[in-house]
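> Below are the sequence and a predicted model for it; my questions follow.
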Amino acid sequence: MAPGQPSKPDMQYVIRETKLAFSLAIQSIWERQLRAYVLGCARELRPAEDLQSKIERADWEKLQKFFISLRGIELRAFPSFDVLDILQNLGSAARHGDGGSAKKLIRQCPDLWAHLPEALTNGIAPFDYRTVAMLDVPVDRLKGFAEAVAGFWEDAEYIYNESIEPKDAHLEARLAKERLQRKWIPQRP
């Protein structure tokens with residue numbers, strides 16, 4: 001290694017941190033978009049209620065409740081939900097460290113720590129040594145996060161367009177084509 005060159009472990013750390021930063025960027029954009037969407041729905045559908053500050057401060061669980069309350073469909077119903085839930089937990093863990101979201105993430109995605117030795121012991125009993133600083137987000141998972149966000153918005157647009165009554169002929173023709181091509185068509189309540 002030439003003088004001044006980073007060592008292999010240093011470079012691996014930089015690469016892991018960079019992928020975590022990309023995850024956080026995707027999650028931040030997704031959450032900001034979702035929050036703005038839910039705020040817009042609240043303003044349009046319940047203008048008499050002052051929901052803005054509640055939605056702006058809502059955590060992931062509360063944001064899901066606002067979504068179902070305003071849109072009539074659970075976020076969990078969307079095919080992209082499982083990936084988006086992982087993304088939310090990853091973003092929270094990246095921001096806040098080894099708390100509740102990191103514990104959820106360990107259960108959801110043990111593969112994020114697959115590069116670590118299988119078990120470590122403290123001399124008495126095994127312990128869970130996985131921390132946010134040690135996780136490694138595969139590039140394919142980054143792509144999956146971006147695809148899940150895009151898929152969610154495509155599904156949300158489809159649901160919105162289906163809810164329009166009455167539909168003009170152009171929209172009805174477009175939806176008829178889309179219904180034949182869609183992988184997921186939400187069940188109407």
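Sure thing, it's come through. Residues are numbered from 1 along each chain as shown.

> going forward, measure contacts between C-alpha atoms and count neighbours the same way
Fine.

> what residues does the helix or strand hosting residue 172 touch?
Per DSSP states H and E: residue 172 is located in helix 169-181. Contact partners of helix 169-181, identified using Cα atoms under 8 Å, 6 or more residues apart in numbering, comprise 158, 161, 162, 185.

> ok, now with 10 Å
Helix 169-181 is touched from outside by 158, 161, 162, 164, 166, 167, 182, 185, with contacts defined as Cα atoms under 10 Å, 6 or more residues apart in numbering.

> Please compute how far that helix lies from its chain's middle.
29 Å (Cα atoms, centre = their mean, to the nearest Å).

> circling back: which two among the contacts of helix 169-181 are spaced furthest apart?
The distance between the two most remote of those (Cα to Cα) is 21.8 Å, for 166 and 182.

> helices or strands up against the helix or strand containing residue 25?
Using DSSP H and E, residue 25 sits in helix 8-45. With contacts defined as 3 or more Cα pairs under 10 Å, 6 or more residues apart in numbering; DSSP states H and E, the packing partners of helix 8-45 are helix 52-57, helix 60-71, helix 81-96, helix 139-163.

> So which of those is the most surrounded?
Using mean count of other Cα atoms under 10 Å, the stretch among the helices and strands packed on helix 8-45 with the largest mean neighbour count is helix 81-96, at a mean of 20.

> now the angle from it to helix 60-71?
Computed with axes from the mean of the first three to the mean of the last three Cα atoms, to 10 degrees, the direction of helix 81-96 lies at 140 degrees from that of helix 60-71.

> list the helices and strands helix 81-96 packs on?
helix 8-45, helix 60-71, helix 100-108, helix 139-163.

> now could you export just the CA positions of the third one as PDB?
Below are the C-alpha coordinates for helix 100-108, written out as PDB (Å, rounded to 0.1, in the frame of the first residue of the first chain):
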ATOM      1  CA  GLY A 100     -36.100   0.400  18.400                       C
ATOM      2  CA  SER A 101     -35.900   0.800  14.600                       C
ATOM      3  CA  ALA A 102     -32.500  -0.800  14.500                       C
ATOM      4  CA  LYS A 103     -33.900  -3.800  16.500                       C
ATOM      5  CA  LYS A 104     -36.800  -4.100  14.000                       C
ATOM      6  CA  LEU A 105     -34.300  -3.900  11.200                       C
ATOM      7  CA  ILE A 106     -32.200  -6.700  12.700                       C
ATOM      8  CA  ARG A 107     -35.400  -8.900  12.700                       C
ATOM      9  CA  GLN A 108     -36.500  -7.800   9.200                       C
END
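
> All good on my end, thank you.
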